[in-house]
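S.K.: sequence first, then the predicted structure, then my questions.
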Amino acid sequence: MQVTINDRVYEAREGETILEVALRNGVRIPNLCYDRRLAPTGQCRLCLVEIEGARGLQPSCCMVVRDGMVIRTSTEEIEDIRRTVIRLLLTEHPNDCLRCEANGACALQDLAYEYGVDFPQKPRQPKFEVNEQDNPFIVRDYDKCILCERCVRICSEVQGANALTVACRGSESVVSTFLGGTLMDSPCVLCGHCVDTCPVGALVDRKRLGCGRTHDFVRVRTTCSHCGVGCGMFLLVRHGRIVAVEPHHASPANRGSLCVKGRYAYDFPHHPDRLTTPLIRRNGELQPATWDEALEYVATRMKQTLAESGPGAFAGWCSSCCTNESNYLFMKFMRAVIGTNTVDNCARNCHAPTVAGLATTLGAGAMTNSIAELQNAPCILAIGTNMTETHPVLALRVRKAVQQGAKLIVADPRRTELADLATTYLPLRVGTDIPLLNGMMHVIIKEGLCHEQFATERCEGLEELKAVVAEYPPERVAEITGIPAEDIINAAREFGEAERAAICYTMGITQHACGTDNVQSIANLALLTGNVGRENAGVNPLRGQSNVQGACDMGGLPNVLTGYQRMDDPAVQAKFGEAWGCDMPAEIGLKHTEAILRMGEGQIRCLYLMGEQPLLTDVDVNHARHCLERLDLLVMQDNFPGETSALAHVVLPATGWGETDGTFTNTERRVQRVRRAVLPPGESKPDTWIICELAKRMGKDIGSGNAKDTWNEIARLTPTMAGISYERIEKTGLQWPCRTPADPGTKFLHADLWTDRKAKFMPVHHQPPAELPDEEYPLVLTTGRRLYHYHTGMRTHHSQGIDDVAPEELVEMSPQDGQNLGIEDGEMVRVVSRRGEVTARATFTRRSPVGTIFMSFHFRESPTNVLTNPVLDPKAGIPEFKACAVRVEKVGETAPTPLPPFLQKGGDDRG
Amino acid sequence: MPMKDPLARRWRKGGPGELRRPDDGADLSLLEDALQGLPRNEMSVIPALQRAQEVYGYLPESVLAQIADELRVPWARVYGVATFYAQFHLKPRGRHIVLVCRGTACHVGGASEILGALEERLGIREGETTPDLMFTLETVACLGACALAPVIVVGGRYYGHLDEAKTLAVIDMYTDGNAAPEVQP
Ligand code: SF4
Ligand code: SF4
Ligand code: SF4
Ligand code: FES
Ligand code: FES
């Protein structure tokens, strides 16, 4: 299709608007109310153009192009109108540019400049109060508002929070929340989309007030440090500080969106609690030391232990918050220098079952499809994932899909925000995912909704699967899960009838003693319906930490090397042995959870921690602490002291996010750059430098620690990443597998299942959680994360403002449970399990089903993981974080509160 | 920059992910009948608000929230609609609505003084309602009765050629009698 704009011919695509064609080709059309993420409204009238043959002038942001259109973007009439519009806006606008945060980044200012229009002689009096005390992140000054409604629209169309509206009319019109209240009292999630889209200074970030204006900043492109979505962003740097964050609009993972953590929790690198100098424990106390002393000390002690007890006495845990390069060098250190395979990372506590379960059924443990594809999936099953809080920006894609008419089936014991969005909500009991999935497959098979050809020809074991799921008719499943049989049948039909269907899951599936089985069950469902190896479908485990995918990809696991090359494959061993110039340890290493036990038994004497805080994240932390106390050498390499420093013998200050060059791999397998923007505090050094120095002192050269060289080494040794280089990912990341420099990367995995490889059904049976509620401990505790914090809160607690919004742990329970316990909403309670107790504030919420309480593990004041049950999944070694039995007591009361038998039934008052 | 007044150290909202509901004591059970037969979507917001206003006399905050929930429309959107149309009232209204004309003719005739006298007598400002819910004081642009200027309308009846004393006399009639008295326009 071709259109003519100002006498020049341009190619146009079907469905594009005139404004879009113009913008794409660098033709200037003034606009104020247009944002490419939003449906156009034609409100501001600045983008008017003349179309040959059409009557009157048309707003180009709303006009879809037709072939052969002849368009003029500038005539005398048009320019007159534009000038008038700008003049009218300025009459209503305070003459405040000198002091305005948006100065230099304001569309109105630019237009006034372009059209030579000035403020009127008599500036207008302020009408509204500046809403400064509203919240810690966003300042709203509606005197500067030009009523383009972009904030209102983005809040509803993109974020889906619907916090804003335009209230009143005529000259009184103003953007407002419900009843004109504060953002904090609205459904606002502080994502900052509205600030991002506001073309003027009406909405600005509070944290950067007075810190400079757009021309003062250096913009550094990087990747978010918090979660596995891996949003692209710019750090705005001035005077050596990260002053603000802006989303990267062209980044495929987030397309200009961020969540509250990404947008506003960025100042932790500058927190005064940062470790700035190496510390050595002398006479029971950590004392400052030089790098030389500290490294020499560690090397000597390590060599000594190695001589006495051999490599079996070592364990090393790397981290999903560190770069790929650090993780690679760390595991290389453990394997090539120490000679042990006992390397693990905190993925053990989240997605180990994914890696274990999907590897057996499909052949690789990663998100099979891409984030962007979710938006076009006609049906999505979200099971055990609270993604609006844990993966907020990814959840936006799911929300968009629902807005476009996709079916969303949500299975979660808690009535999460996502459940409110669902077309079918399945409130299952904690730990009954397998029967639910089996039940759905039962219906799908019975009603002939399975993908016959794929299930029979491309998979093995269909008969076995049929035999197992035959035992799960909806009626029985209803009994186990507590979901009405019709709902199960409905969900199965929705899923089975959909042309394509994607499954998303997170910790609700994996953090169970039957985690691997849960994952396999999900894979079974996907295979049965032929939803693997196709676009807009797939099995999508959403990875937690910013680089948890990378930490696993880099071989930070006891049984594999980079790119999941198996440790026990002689060819792989030989390759790495030669490349590293060492004998590869042959024996598979110990998993995190197993290693801890060996520490308790005294067999493992030395633990090297990089960016790990096991004392908050580990299950049954009291026991973990006892085990760690027995170590002869605990080396901790981190940004902040954290809990573990109390036990560490040596503390090495590492540079963190914002100070380190490298790459992160997000949940869709996309390798993206993180960049150094500011100098690290004190003497802290990059992880890569520390590891390489340590190796040198241990008598081995493992490289220079330079990020780019390290990556090249990784690419050389890893066929699935061989095609990825820093040059290629300078602007946009690449998704592995990417085998050659010309390979565009892989959008979705397992396409070969349709042609030359076979998948395998792994039928599984129901296993109830290891610890069921009983008389003494009548409630089920399930744990998870919340929107405002990330993990142990290492980064979020150290960022200003987040703790104002989410200051303390909460025990979420249904009002009915609360009443039965005789406690008030907001009262302090003690939660007791067989392993320990925690005190926190109770909050009543209809999101919790009766009999189940929920807590996060973000707060060291309330270390929830003293409660959790250390029973392990035998296949993946993940502990059962998601279910344990507890009782809740009023604080100051010692006798256990008896609980009535309604708990046996579960979930009937979710309204 | 540090905040001037640190926010109260509390979680936002009622609990994580939930909104604090306005609690103004309105009897929400009355809504059920009022909303009967309305499709549950955004198109129904205006009729729902109209019906609710008939039931409650105005639109209490909790009713707005409830209507939004019932129609599955965001709270903010319902608020936007309710404030856009002049026909909707978010504050309780008095038994007698007093409209003071501020059109040109009336203005010249002393509308400001009349409004001042009314504000003083009723103890409320323009747009407000007396605490005993007897009077609501409002102004309008032109009542279309310029020949009678200055004009006020009370409870739908026109009173013209007023001065301050006469105005107060009109109000007195309503204060004492409650019922609409017969007065010559
Ligand atoms: S911060 Fe996000 S949720 Fe809050 S008003 Fe702005 S767009 Fe809406
Ligand atoms: S606050 Fe900004 S984005 Fe919102 S309507 Fe006003 S000018 Fe537009
Ligand atoms: S925390 Fe996750 S969703 Fe939020 S901005 Fe960072 S990467 Fe994106
Ligand atoms: S950009 Fe088209 S009308 Fe505002
Ligand atoms: S000016 Fe008051 S009635 Fe017209």
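M.R.: Noted; the coordinates are in hand. Ligands and ions are numbered 1, 2, ... in the order given.
S.K.: now do the phi/psi pair for the residue nearest the centre of chain A.
M.R.: For chain A, the residue nearest the mean C-alpha position is A:Cys227 (3.1 Å; C-alpha atoms, centre = their mean). Main-chain torsions, A:Cys227, degrees, to the nearest 10: phi -120, psi 180.
S.K.: which one's the longest helix in the chain?
M.R.: Going with chain A. helix A:291-309 (DSSP state H).
S.K.: right idea, wrong chain: chain B
M.R.: helix B:164-177.
S.K.: how far is that helix from where the chain is centred?
M.R.: Per C-alpha atoms, centre = their mean, to the nearest Å, the displacement of helix B:164-177 from the mean C-alpha position of its chain is 22 Å.
S.K.: in that helix, what counts as buried?
M.R.: Within helix B:164-177, the residues scored as buried using 16 or more other C-beta atoms under 10 Å in any protein chain shown are B:166-168, B:170-171, B:173-175. All C-beta atoms are positioned from the backbone trio N, CA, C, and that covers glycine.
S.K.: any idea of the mean pLDDT in that helix?
M.R.: For helix B:164-177, mean pLDDT rounds to 84.
S.K.: could you do stretch A:784-791 as well?
M.R.: Stretch A:784-791 comes out with an average pLDDT of 77.
S.K.: list the contacts of that stretch.
M.R.: A:189, A:226-227, A:259-261, A:265, A:386, A:388-390, A:392, A:507-508, A:544-545, A:617, A:796-797, A:802, A:805-806, A:854, A:856-859, A:882, B:16 (C-beta atoms under 8 Å, 6 or more residues apart in numbering or on different chains).
S.K.: inside strands: which ones of the residues you listed?
M.R.: A:854, A:856 (DSSP state E).
S.K.: thinking again about what came up before, which is the next helix or strand following the longest helix of chain A?
M.R.: Next along the chain after helix A:291-309, taking DSSP states H and E as the criterion, comes strand A:314-318.
S.K.: helix, strand, or coil at A:Val175?
M.R.: With DSSP: H, G, I helix; E, B strand; the rest coil as the basis, A:Val175 sits in strand.
S.K.: count of neighbours near it?
M.R.: Neighbour count for A:Val175, taken as other C-beta atoms under 10 Å in any protein chain shown: 25.
S.K.: next one: A:Glu52
M.R.: 10.
S.K.: dump the residue contacts of it.
M.R.: Counted by C-beta under 8 Å, 6+ apart, A:Glu52 has contacts A:69-72.
S.K.: go through the residues you listed and flag which are in strands.
M.R.: A:70-72.
S.K.: need the pLDDT of residue 34.
M.R.: Let's take chain A. pLDDT, A:Tyr34: 94.
S.K.: let's do chain B instead
M.R.: B:Ala34 is given a pLDDT of 88.
S.K.: that one: how many residues sit nearby?
M.R.: 20.
S.K.: phi first, then psi, for it.
M.R.: phi -60, psi -30.
S.K.: for whatever residue of chain B ends up closest to ligand 4, helix, strand, or coil?
M.R.: Closest to ligand 4 within chain B is B:Gly80: 19.8 Å, counting by C-beta to the nearest ligand atom. Under three-state DSSP, the three-state class of B:Gly80 is helix.
S.K.: can you tell me how far it is from A:Tyr142?
M.R.: When distance is defined by C-beta to C-beta, to the nearest Å, B:Gly80 is 15 Å away from A:Tyr142.
S.K.: which one's more surrounded, the two?
M.R.: B:Gly80 (22 against 18).
S.K.: the more buried one touches A:Thr165, doesn't it?
M.R.: Yes - between B:Gly80 and A:Thr165 there is a contact at 3.3 Å, judged by C-beta atoms under 8 Å.
S.K.: domains of chain B?
M.R.: B:6-84, B:96-176 (automatic domain parsing).
S.K.: relative to A:Thr660, which of the ones you listed is closest?
M.R.: Among the domains of chain B, the nearest to A:Thr660 by C-beta to C-beta is domain B:6-84 (32.2 Å).
S.K.: how far is the closest one from where the chain is centred?
M.R.: So, by C-alpha atoms, centre = their mean, the centroid of domain B:6-84 is 17 Å from its chain's centroid.
S.K.: so does that domain get close to ligand 1?
M.R.: No - Domain B:6-84 does not reach ligand 1 (C-beta under 6 Å from any ligand atom); its nearest approach is 9.3 Å.
S.K.: quick revisit: shared neighbours of B:Gly80 and A:Thr165, which are they?
M.R.: A:Ser176.
S.K.: quick revisit: now do the contacts for the residue of chain B closest to ligand 4.
M.R.: A:165-167, A:176.
S.K.: again, only this time at 6 Å
M.R.: A:165-167 (C-beta atoms under 6 Å, 6 or more residues apart in numbering or on different chains).
S.K.: repeat that for A:Arg274.
M.R.: A:Pro681.
S.K.: so for it, what's the pLDDT?
M.R.: 91.
S.K.: element containing it, please.
M.R.: Per DSSP H and E, there is no helix or strand for A:Arg274.
S.K.: tell me where the model's unsure across chain B.
M.R.: B:1-19, B:177-185 (pLDDT under 70).
S.K.: what is the neighbour count of the residue of it found nearest ligand 1?
M.R.: The minimum distance from chain B to ligand 1, using C-beta to the nearest ligand atom, falls at B:Ala76 (9.3 Å). Look at B:Ala76: counted by other C-beta under 10 Å, it has 28 neighbours.
S.K.: which residues touch the residue lying closest to it once chain neighbours are set aside?
M.R.: Ranked by C-beta to C-beta, 6 or more residues apart in numbering or on different chains and with sequence neighbours excluded, the top spatial neighbour of B:Ala76 is A:Thr165, at 4.0 Å. Each residue near A:Thr165 by C-beta under 6 Å, 6+ apart is listed here: B:76-77, B:79-80.
S.K.: tell me who's in contact with A:Lys708.
M.R.: Shown in contact with A:Lys708 (C-beta under 6 Å, 6+ apart): A:Tyr726.
S.K.: off-centre distance for the host helix or strand of it?
M.R.: Assigned by DSSP H and E, A:Lys708 belongs to helix A:707-717. Here helix A:707-717 is found 26 Å from its chain centre; the criterion is C-alpha atoms, centre = their mean.
S.K.: buried stuff in it?
M.R.: A:707, A:710-711, A:713-715, A:717.
S.K.: after it, which helix or strand is next? Please name it.
M.R.: Taking DSSP H and E, what comes next after helix A:707-717 is strand A:734-735.
S.K.: could you list the paired strands of the helix or strand that comes right after that next one along with their orientation?
M.R.: On the C-terminal side of strand A:734-735, the nearest following helix or strand under DSSP H and E is strand A:759-760. Next to strand A:759-760 in the sheet, as set by DSSP bridges, lie strand A:459-460 (parallel).
S.K.: low pLDDT regions in chain A?
M.R.: A:123, A:130-134, A:363-365, A:616-619, A:791-793, A:892-911.
S.K.: near ligand 3, which residues of it?
M.R.: Residues of chain A lying near ligand 3 (C-beta under 6 Å from any ligand atom): A:224, A:226-227, A:229-231, A:254, A:258-259, A:261-262, A:391-393.
S.K.: closest residue of the stretch 401-550 of chain A to ligand 1?
M.R.: The minimum distance from the stretch 401-550 of chain A to ligand 1, using C-beta to the nearest ligand atom, falls at A:Glu417 (12.1 Å).
S.K.: number of nearby residues for that residue?
M.R.: Counted with other C-beta under 10 Å, A:Glu417 comes out at 24.
S.K.: so how far is the helix or strand that contains A:Ile445 off the chain centroid?
M.R.: For A:Ile445, the host element (DSSP H and E) is helix A:433-446. Distance of helix A:433-446 from its chain centroid, counting by C-alpha atoms, centre = their mean, is 29 Å.
S.K.: contact partners for A:Cys188?
M.R.: A:161, A:163.
S.K.: tell me how far it lies from A:Thr177.
M.R.: Distance from A:Cys188 to A:Thr177, by C-beta to C-beta: 7 Å.
S.K.: for ligand 2, what is the nearest residue in chain B?
M.R.: For chain B, C-beta to the nearest ligand atom, closest residue to ligand 2: B:Gly80, 12.5 Å.
S.K.: thank you, goodbye.
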